[in-house]
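> From the sequence below, what's the structure:
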Amino acid sequence: MKKINIHDWQHKQRLLKEQACENRAKDLADDYSVQELQDRLDQIMRDMEQEAEPEGGPIADMYVAKMEAYERAISIARRNSGKGDV
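Just a heads-up that it's a prediction; the model follows:
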């Protein structure tokens, strides 16, 4: 039986999450304008304030993942529109 190095496994999991976030961001940037993305990010932030655990937890983690995807999408959309990253 092959031993699994926990550090290698954690690194691979982190890379998979980052790649999934980047893919989601690209899809969002293709589907929405910068303003629509910003409006959605603002709504996610408002929702998080109401629903997420202040001490952190699975709900907070879910919102953080969504926020990261939208922030990356905004950056991608700005680059694609020629406005640069502000």
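> which element follows the longest helix seen in the chain toward the C-terminus?
Determined from DSSP state H, the single longest helix within the chain is helix 6-31. Proceeding N to C from helix 6-31, the next assigned helix or strand is helix 34-51, under DSSP states H and E.
> now the angle from that following helix to helix 6-31?
130 degrees (axes from the mean of the first three to the mean of the last three C-alpha atoms, to 10 degrees).
> tell me what the helix or strand of the chain with the lowest mean pLDDT is packed against?
Every helix and strand in the chain was compared by mean pLDDT, DSSP states H and E; the lowest is helix 6-31, with a mean of 90. Packing contacts for helix 6-31, counted by 3 or more C-beta pairs under 8 Å, 6 or more residues apart in numbering; DSSP states H and E, involve helix 58-81. C-beta coordinates here come from the backbone N, C-alpha and C atoms, glycine included.
> now the angle between helix 6-31 and the helix it packs on, please.
50 degrees.
> buried set for helix 58-81?
If you call a residue buried by 16 or more other C-beta atoms under 10 Å, then helix 58-81 has these buried ones: 63, 66, 68-70, 72-78.
> So residue 33 sits against residue 77, correct?
Yes: between residue 33 and residue 77 there is a contact under C-beta atoms under 8 Å: 7.0 Å.
> Tell me the one of the buried residues of helix 58-81 nearest residue 22?
residue 72 (6.5 Å; C-beta to C-beta).
> what's the pLDDT at that closest one?
The per-residue pLDDT reported for residue 72 equals 95.
> Alright, calling it a day.
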